[in-house]
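In: Quick one, what's the 3D model for this:
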Amino acid sequence: MSFAALTACGAGNNAQSLGIKPDTATASVDNIAIQNANVITQSKTGEAGPAVVSATIFNKGATEQTLDSITLPGGAGTVKLTGASGSGGVTVPAQGSIVIGGKGNASAVIEDGTALTKKIGGVQDVVFKLSKTGDVKLEAFVVPSSADGYADFGPGSAPAPAASPSPSGQPGAEGTEGAEGAEKPEGGEKPEGADASNAPETPAG
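Out: The predicted structure is shown next:
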């Protein structure tokens, strides 16, 4: 089944207005509803680099809640949460919603998402922990960032490896100093046979 087919089932009337791609990964506990949850990886299986969790969290309650953590059971990696401002926590306002993932939104990044690329096309258990509601569990689709509609929400590429330092000397240069026949006179010593009184201070070249 294609990713387009997986996303054919709408997750709510708000999905389009929030600019995210709807799918069937949803869950609700008390006043909290989570929709459009995905784990977005690098483009190819085995490709190194970060992965991200994207989702929309709705709070129907009268008080705000903080998103304390997102975890991926099964050792799939640690998720780092960052607020929309680039720092601080993630708060879901009362009678409001937030989007996780995408430019200008809060982010949830798995620094090493290589293992998750092996689940592309499948699902990954995800647990959202809210300050008042507690755990909200669901199975999120694992999709590559190259899939249609996910590029704006996916992770960046892995950083390029640092360039190797250049050798300090040219090949074959080692040991040339003091080579046979190339030794320079020490201390201005004059060539053998030169008249000490008339010879110049440096050997004629």
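In: The protein: helices as residue ranges?
Out: In chain order, the chain shows helices spanning 3-6, 14-17, with DSSP state H as the criterion.
In: ok, residue 102 to residue 137 distance?
Out: 23 Å (CB to CB, to the nearest Å). In short, each C-beta sits where N, CA and C put it, glycine included.
In: same check, this time on residue 84
Out: Remark: distance between residue 84 and residue 137 (CB to CB) = 24 Å.
In: neighbour-wise, which of those two wins?
Out: residue 84 (17 against 14; other CB atoms under 10 Å).
In: Return the residues in contact with the more buried one.
Out: Applying CB atoms under 8 Å, 6 or more residues apart in numbering, one finds that residue 84 lies in contact with 90, 98, 104-106.
In: Export the residues you listed as TSV, with columns for distance to residue 72.
Out: Output for those, formatted as TSV (distance: CB to CB, whole Å):
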residue	distance to residue 72
90	17
98	20
104	24
105	19
106	17
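In: Are any of the residues you listed buried, and if so which?
Out: The neighbour-count test (16 or more other CB atoms under 10 Å) applied to these identifies 90, 98, 105-106 as buried.
In: From those residues, which land in strands?
Out: 90, 98 (DSSP state E).
In: In the buried ones among the contacts of residue 84, find the pair that's most separated.
Out: Greatest spacing in the buried ones among the contacts of residue 84, by CB to CB: 90 and 105 (9.6 Å).
In: before we move on, back to that, out of the contacts of residue 84, name the two that are farthest from one another.
Out: Of all pairs drawn from the contacts of residue 84, the one with the longest distance (CB to CB) is 90 and 104, at 13.6 Å.
In: Just give the closest residue to residue 132, not the sequence neighbours.
Out: Residue nearest to residue 132 in three dimensions, not counting chain neighbours: residue 65, with 5.0 Å by CB to CB, 6 or more residues apart in numbering.
In: Go ahead and confirm that neighbour touches residue 30.
Out: No. In this structure, residue 65 sits apart from residue 30 without contact. The criterion is CB atoms under 8 Å, and the distance is 9.9 Å.
In: of those two, who's got more company?
Out: Counted by other CB under 10 Å, residue 65 and residue 30 do not tie: residue 65 has more neighbours, with 20 against 14.
In: Quick check: beta-bridge partners of that one?
Out: Note on residue 65: beta-bridge partners residue 92, judged by DSSP bridges.
In: where's it relative to residue 113, distance?
Out: Going from residue 65 to residue 113 by CB to CB gives 27 Å.
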